[in-house]
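Student: how does the following fold in three dimensions:
(one chain, ligands or ions: 2)
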Amino acid sequence: MAYDQNVLRAHFCHALSEMYKSEVPLYGDLIDVVWNADAKTVQDSHNIEGNHVINPDDVLPARHRVERHGAIRLGTAHELATIRRMFAVMGMHPVGYYDLSLAGFPMHATAFRPNTQEALDENPFRVFTTVLRMELLTERTRKLAQKALDQRNIFTPRLLALLDIAESQGFLASDQCTELISNGLETFRWHSKATVTFEEYEELKAEHPLIADVVSFPSSHINHLTPRTIDIDLVQKLMLDHGMPVKERIEGPPKRSCPILLRQTSFKALEETVYFKDPSGSYVKGSHTARFGEVEQRGYALTREGRQLYDQILDRVNAEAAKNGLKGEAYDTLLAERFKEFPDSLSELHDLRLGYFIYRLTSPNDQSVNESLLSEEKLHPISLQDLLDKQILSYEPITYEDFLPLSAGGIFNSNLGGVSQSKQLIMSADPDLDGFQRLLGACVADEFHLYAVMQQKSLEICRQKLQLREV
Ligand code: OOG
Ligand code: NI
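Tutor: Ligands and ions are numbered 1, 2, ... in the order given. The predicted structure is shown next:
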């Protein structure tokens, strides 16, 4: 395998998916359900008679079939900074800051992901990565957590050596790429032997189940992987039909004709046998609930204005639902009702600047269009609106590649047994981007900026092709 970050990322994602399938067989079943749902959706949309099944590979964009995101939870600055170095070698960079205290978790996060359209098209694998906010823990728990974290090393020595090599020479040789994958997997592998005693585990868990999950084990086990679907409502139904322990509702915006942002659901985390350290040196049997399978449907990226509108509507829905005790279907009905306020046509999303778009020439090689435009430009500057009115340019929405903190909170909540003692305290905390970047040892990119650059680039390419001075 010659060193190509996109290829390395694709291989790593595949290896991780295979490992997780063998660790959590229900995740393999979920992949099959998604495959069937997508095939059925494509088949229905083509309105083909008979019951031959279409291979989604033949009709869906290639990235759909391999698309995954995963999530890990870390404890220290060293862990976060080293994960950053590992993912950088695979072309994944920190994008976005997620404050999970909003949802009552003593954590904040970023997503490591490809940050250009070209790299996303090659393989869009991302990892949502949270780190504990020690300052939000009580002193007693902080000390306990610190002790457990100090004594673990989630990276193999060979992985650390490979990162040094990659950084100093700028690439890895073929056999080093293979080693990076096998050593990288060790960081994400499940270990059923905890590094803490049962009493310590219980104490950590009583303060917040997440703290126990982060600090009690010798690795930072991958806690879910997430294939992408084109019809999440159908996947939810099929999971129920298969008797999977499905999360009660789909997170994110309601179903719309113009899908926006991200909708997610999951099968709930399994209760797994783990062994806790016994002060005498042997192990005692117990259980832990952490690992699940998720599915996502991606919609369009929103501008800051679009996102503000999304957040406002969602905040109002949540306040109203809390006041009236609405859950499940009643919550979803209210959500759908309140989201009618959010424009649901491409032209409105575009004209009201609620979403990001890629511009293209409608007929790329039409010389007469170019000539008449050039003579018009001598009289007055040509605007984007002119080009759209004349149908010289068309646009298509950009896919949202990131995450949503409140949805992430909903996913966390469905997958952790037990209730937090310190939720209210945590919810009054402020976001701390600076603190996060200090732990990371680098800056996180602003996701809105990345989408704006994609949009601007596409417009610039059109301008050049039309040989206009300005648009
Ligand atoms: C992360 C949950 C967030 C998503 O898709 O929003 C997430 C976690 O459970 O550690 O993966
Ligand atoms: Ni997820």
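
Student: you'd agree residue 284 is up against residue 198?
Tutor: Yes. With contact defined as Cβ atoms under 8 Å, residue 284 counts as touching residue 198 (5.7 Å). Bear in mind the C-beta positions are built from the backbone N, C-alpha and C, glycine included.

Student: next, show the common contact partners of those two.
Tutor: 276, 278 (Cβ atoms under 8 Å, 6 or more residues apart in numbering).

Student: looking at those two, which has the bigger crowd around it?
Tutor: residue 198 (19 against 13; other Cβ atoms under 10 Å).

Student: residue 286 is in contact with that one, correct?
Tutor: Yes. Using Cβ under 8 Å, residue 198 is in contact with residue 286, at 5.6 Å.

Student: overlap of the contact sets of the two?
Tutor: residue 276.

Student: so what's residue 448 closest to, chain neighbours aside?
Tutor: Leaving aside its chain neighbours, residue 448 sits nearest to residue 304 (5.5 Å; criterion: Cβ to Cβ, 6 or more residues apart in numbering).

Student: what about that neighbour, how many neighbours?
Tutor: Look at residue 304: counted by other Cβ under 10 Å, it has 12 neighbours.

Student: then residue 167?
Tutor: Counted with other Cβ under 10 Å, residue 167 comes out at 11.

Student: can you tell me how far it sits from residue 138?
Tutor: Here the criterion is Cβ to Cβ, to the nearest Å. By it, residue 167 lies 38 Å from residue 138.

Student: and what of residue 100?
Tutor: Residue 100 is 18 Å from residue 138, by Cβ to Cβ.

Student: looking at these two, which one has more neighbours?
Tutor: With neighbours defined as other Cβ under 10 Å, residue 100 and residue 138 compare such that residue 100 has more, 22 against 13.

Student: tell me who's in contact with that one.
Tutor: Contacts were defined as Cβ under 8 Å, 6+ apart; by that measure residue 100 touches 106, 107, 108, 109, 130, 405, 408, 409, 412.

Student: ligand 1: which of those residues is nearest?
Tutor: Nearest to ligand 1 among the contacts of residue 100: residue 408, at 3.4 Å, using Cβ to the nearest ligand atom.

Student: just checking, that closest one touches residue 109?
Tutor: Yes. Applying Cβ under 8 Å, one finds residue 408 in contact with residue 109, separated by 7.4 Å.

Student: now the strands for the stretch 351-471 of the chain?
Tutor: 357-361, 393-397 (DSSP state E, counting those that start in this stretch).

Student: now those in TSV, with distance to residue 20 and mean neighbour count?
Tutor: Compiled in TSV, the strands of the stretch 351-471 of the chain are given as follows (distance: least, Cβ to Cβ, whole Å; neighbours: other Cβ atoms under 10 Å):
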stretch	distance to residue 20	mean neighbour count
strand 357-361	33	19
strand 393-397	31	18
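
Student: picking that back up, and the contacts of residue 100, which of them are in helices?
Tutor: In helices, defined here by DSSP state H, the members of the contacts of residue 100 are 405, 408, 409, 412.

Student: my guess is the third one contacts residue 109. True?
Tutor: No. Residue 409 lies out of contact with residue 109 (Cβ under 8 Å); the separation is 10.8 Å.

Student: so the two - more neighbours on which side?
Tutor: residue 109 (25 against 19).

Student: enumerate the residues of the stretch 101-250 of the chain near ligand 1.
Tutor: Within the stretch 101-250 of the chain, the positions lying close to ligand 1 (Cβ under 6 Å from any ligand atom) are 128, 130, 223.

Student: let me see the contact set for residue 394.
Tutor: With Cβ under 8 Å, 6+ apart, residue 394 has these contacts: 359, 360, 362, 388.

Student: got phi/psi on the residue in the stretch 51-200 of the chain positioned nearest to ligand 2?
Tutor: The stretch 51-200 of the chain approaches ligand 2 most closely through residue 71 (4.9 Å), counting by Cβ to the ion. Per-residue torsions, residue 71: phi -140, psi 140 (degrees, to the nearest 10).

Student: tabulate the strands of the stretch 351-471 of the chain (a markdown table), appending distance to ligand 2.
Tutor: Formatted as a markdown table, these follow (distance: least, Cβ to the ion, whole Å):
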| stretch | distance to ligand 2 |
| --- | --- |
| strand 357-361 | 26 |
| strand 393-397 | 22 |
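
Student: figure out which of these is closest to ligand 1.
Tutor: strand 393-397 (20.7 Å).
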